[in-house]
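Asker: give me a model of this one.
(3 chains)
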Amino acid sequence: MQKSFSKNGIGLKGESHIDLIRGRDRLPREFYLRDVLIVAPEILGKYIVVRLQKGLYSKFRITDVEAYRGSEDKACHASKGRTVRTDIMFREGGYLYVYLIYGIYWMLNVVTGCEDDPQAVLIRGVDNISGPGKTTKMLKIDSSFNKEDLVSSDRIWIEGTGVLPDFRTGHRIGIDYAGEYWKSRPWRYYI
DNA sequence: TCAGTGATTAGG
DNA sequence: CTAATCACTGAG
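Answerer: Residues are numbered from 1 along each chain as shown, chains lettered A, B, ... in the order given. Predicted coordinates:
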């Protein structure tokens, strides 16, 4: 765990517990409304804050993400149409899309773009944690976070500066079923 | 390399 | 109702 905060406001210098609750530096709706290929790299280096229990928060720097872009992207769950599960991806950006994979691991995604254009950023890793399943385990993310609004939630949000760290790109992981073209899109971004 | 694990989905 | 699938991980 990179940072945790007691009820007394112990934590990063200049930040109090109350600042955290209010999400003083949280990213606004507009950040998420842009195309996923813009938002995904810009999420790198920003911090995801999650309430672990009353008065205790964890804060991790995001280091590894992937973009899933629209109905035409064969790797995007929404490419098979609008279903109960994928409905949230069709909403405007800023919501969370959380689902279970292989019966064990929760995947954490941030919806981006405009309404009716299903896009999301998969959070693949944070500082010292590699892999999307391990990341949600560490952050204690489960189905109860599905459809949560990062802009107004009192238990999860993203904050950070506009400084973009150096990053690399690569192909997305675990989407062999999507075919060569979509598999080869360089839509993984990592520090 | 490969099994584990259960929600989601399409199809009868 | 059934069966297939799966943005993964860790053991060997």
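Asker: CA atoms for contacts and neighbours, from now on please.
Answerer: OK.
Asker: check A:Leu12 and give its pLDDT.
Answerer: pLDDT recorded at A:Leu12 is 40.
Asker: go on, A:Lys134?
Answerer: 98.
Asker: write out the residues of chain A neighbouring DNA strand C.
Answerer: A:66, A:68, A:75-77, A:101-103, A:105, A:107, A:109, A:120-122, A:130-135, A:173-175, A:177 (CA under 7 Å from any atom of the strand).
Asker: what about DNA strand B: which of those touch it?
Answerer: Within the residues of chain A next to DNA strand C, those near DNA strand B by CA under 7 Å from any atom of the strand are A:101-103.
Asker: got those as CSV, with secondary structure, pLDDT and neighbour count columns?
Answerer: Output for these, formatted as CSV (DSSP: H, G, I helix; E, B strand; the rest coil; pLDDT from 0 to 100; neighbours: other CA atoms under 10 Å):
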residue, secondary structure, pLDDT, neighbour count
A:Ile101, strand, 97, 10
A:Tyr102, coil, 97, 6
A:Gly103, coil, 96, 7
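Asker: need phi/psi at the residue nearest to A:His171 when sequence neighbours are not counted.
Answerer: Distance criterion CA to CA, 6 or more residues apart in numbering; nearest residue to A:His171, sequence neighbours excluded, is A:Pro186 at 4.6 Å. Reported as degrees, to the nearest 10, the phi and psi values for A:Pro186 are phi -80, psi 60.
Asker: next up, the contacts around A:Pro186.
Answerer: Contact analysis of A:Pro186 by CA atoms under 8 Å, 6 or more residues apart in numbering lists A:169-172.
Asker: buried subset of these?
Answerer: Among the contacts of A:Pro186, those buried by neighbour count (16 or more other CA atoms under 10 Å) are A:169, A:172.
Asker: in strands only, show me the contacts of A:Pro186.
Answerer: Using DSSP state E, A:169-170 are the members of the contacts of A:Pro186 that sit in strands.
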